[in-house]
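Student: Provided below are the primary sequence and the corresponding predicted coordinates.
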Amino acid sequence: MAITTQQLIQWKQQGRSIVALTAWDYAIAQLLDAAGVDLILVGDSMAVVLGYETTLPITLDEIIYHAKSVRRGVKRALVVVDLPFLTYQESLQQAMHSAGRVLKETGAQAVKLEGGYPAIAETVARLVQAGIPVMGHVGLTPQSVHQLGLRQQGKTQEASERILQEAIALEQAGVFSLVLEHIPADLAMQISQKLSIPTIGIGAGIHCDGQVLVTSDVLGLAEKHPPFAKVYTNLRETITKAVQDYAVEVRERKFP
Ligand SMILES: Nc1nc(=O)c2c([nH]1)NC[C@@H]1CN(c3ccc(C(=O)N[C@@H](CCC(=O)O)C(=O)O)cc3)CN21
Ligand SMILES: CC(C)C(=O)C(=O)O
Ligand SMILES: [Mg+2]
């Protein structure tokens, strides 16, 4: 039974928290789906496992390639794909083309795009009218790293009011859910109470309607991780140990 965008909205009404993680290939996606993750995001944060410093270099072709692989591993979770930097900001036509390619070529159910300023809300409204489910993303928007850095957003009264207004504009434009990244917990609570659609927090406190983290951070695969991430296991250590044990056995002719 595949999860739908409507179901996520119902879960908010029922007070059931939404479990989301990112995935970048079949193997990871299959494990997350079988473990019961509700929403799998093919995030442009896959930049970290591809060796990029920021999310900016990820292309539409790259994210489609990875999303096809993820989709093959998922039976139950809702699959959402990030539209990469400058694949939707240029024009409505560009956004429609990019989102359309993602849905047609990958089998994912929805796209996510960053920002809540008027032109983005307008784009979201038109995508939704065309039948494309859209997830929003406000607060820290990593595609704007060269303007915002990676600091917490919404710290002043003015900035928090702007983020709240963006959230409201995106809900009105028709997003089915909204990522709140690296903002104060009380602002995230205020937004979550104000909106009827579920908020999914990352570094935004416990009052969101669900949580998302970058899977390479959760598994301890990334060399560094944001202060708000929780590392649940250290796969870097596990993998290093296994590879070193193998190397010793090969060199000592103990394996095979
Ligand atoms: N591995 C990974 N995990 C993520 O959660 C993630 C990515 N990559 N890439 C895309 C964005 C970038 N993210 C980040 C990365 C670092 C900080 C961080 O270190 N913030 C510091 C300040 C750093 C600074 O000012 O330069 C902080 O204390 O807020 C925050 C968000 C979240 N996203
Ligand atoms: C952190 C989440 C929300 C994201 O956009 C990503 O992984 O790219
Ligand atoms: Mg992203």
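Tutor: That came in fine, so what should we check first? Only a predicted model underlies this, so the values are computations on that prediction, with no experimental measurement involved. Residues are numbered from 1 along each chain as shown. Ligands and ions are numbered 1, 2, ... in the order given.
Student: how much space separates Thr240 from ligand 2?
Tutor: 25 Å (C-beta to the nearest ligand atom, to the nearest Å). In this view, the C-beta of every residue, glycine as well, is placed from N, C-alpha and C.
Student: residues in contact with the helix or strand harbouring that residue?
Tutor: Using DSSP states H and E, the element containing Thr240 is helix 235-251. With contact meaning C-beta atoms under 8 Å, 6 or more residues apart in numbering, helix 235-251 is reached by 219-221, 223, 254-255.
Student: try stretch 98-111
Tutor: Against stretch 98-111 from outside (C-beta under 8 Å, 6+ apart): 2, 4-5, 42, 60, 63-64, 67-68, 70-71, 78-83, 87-88, 127, 130, 132-135, 176.
Student: among the residues you listed, name the ones in strands.
Tutor: In strands, defined here by DSSP state E, the members of those are 42, 78-82, 134-135.
Student: beta-bridge partners for the closest residue to Val175 other than its chain neighbours, please?
Tutor: The shortest distance from Val175 to any residue other than its chain neighbours is 4.1 Å, reached at Gly136 (C-beta to C-beta, 6 or more residues apart in numbering). Per DSSP bridges, residues listed as beta-bridge partners of Gly136: Leu178.
Student: so Gly136 is in contact with Gly174, correct?
Tutor: No: between Gly136 and Gly174 there is no contact under C-beta atoms under 8 Å: 9.6 Å.
Student: picking that back up, and the helix holding Thr240, C-alpha only, in PDB?
Tutor: Extracted C-alpha coordinates of helix 235-251, given in PDB (Å, rounded to 0.1, in the frame of the first residue of the first chain):
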ATOM      1  CA  LEU A 235      29.100   3.200   9.400                       C
ATOM      2  CA  ARG A 236      32.400   4.900   8.700                       C
ATOM      3  CA  GLU A 237      34.000   2.900  11.500                       C
ATOM      4  CA  THR A 238      32.100  -0.300  10.600                       C
ATOM      5  CA  ILE A 239      33.100  -0.100   7.000                       C
ATOM      6  CA  THR A 240      36.700   0.800   7.700                       C
ATOM      7  CA  LYS A 241      37.100  -2.100  10.100                       C
ATOM      8  CA  ALA A 242      35.500  -4.600   7.700                       C
ATOM      9  CA  VAL A 243      37.700  -3.500   4.800                       C
ATOM     10  CA  GLN A 244      40.900  -3.600   7.000                       C
ATOM     11  CA  ASP A 245      40.000  -7.100   8.200                       C
ATOM     12  CA  TYR A 246      39.500  -8.200   4.600                       C
ATOM     13  CA  ALA A 247      42.800  -6.600   3.500                       C
ATOM     14  CA  VAL A 248      44.700  -8.400   6.300                       C
ATOM     15  CA  GLU A 249      43.200 -11.800   5.400                       C
ATOM     16  CA  VAL A 250      44.000 -11.300   1.700                       C
ATOM     17  CA  ARG A 251      47.600 -10.300   2.400                       C
END
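Student: give me the buried positions along it.
Tutor: Using 16 or more other C-beta atoms under 10 Å as the test for burial, helix 235-251 gives Leu235.
Student: and the gap between Arg151 and ligand 3?
Tutor: Look at Arg151 and ligand 3: by C-beta to the ion, to the nearest Å, they are 17 Å apart.
Student: alongside ligand 3, which residues does the stretch 51-200 of the chain contribute?
Tutor: Contacts of the stretch 51-200 of the chain with ligand 3, taken as C-beta under 5 Å from the ion, map to Asp82.
Student: residue numbers of this structure in contact with ligand 1?
Tutor: Contact residues (C-beta under 6 Å from any ligand atom) of the chain with ligand 1: 45, 48, 55, 140, 142, 149-152, 182, 214, 216-217, 222, 225-227, 229.
Student: mind redoing it with 8 Å?
Tutor: Contact residues (C-beta under 8 Å from any ligand atom) of the chain with ligand 1: 43-45, 47-48, 54-55, 140, 142, 145, 149-152, 181-182, 202-203, 213-214, 216-217, 222, 224-229.
Student: all set now, cheers.
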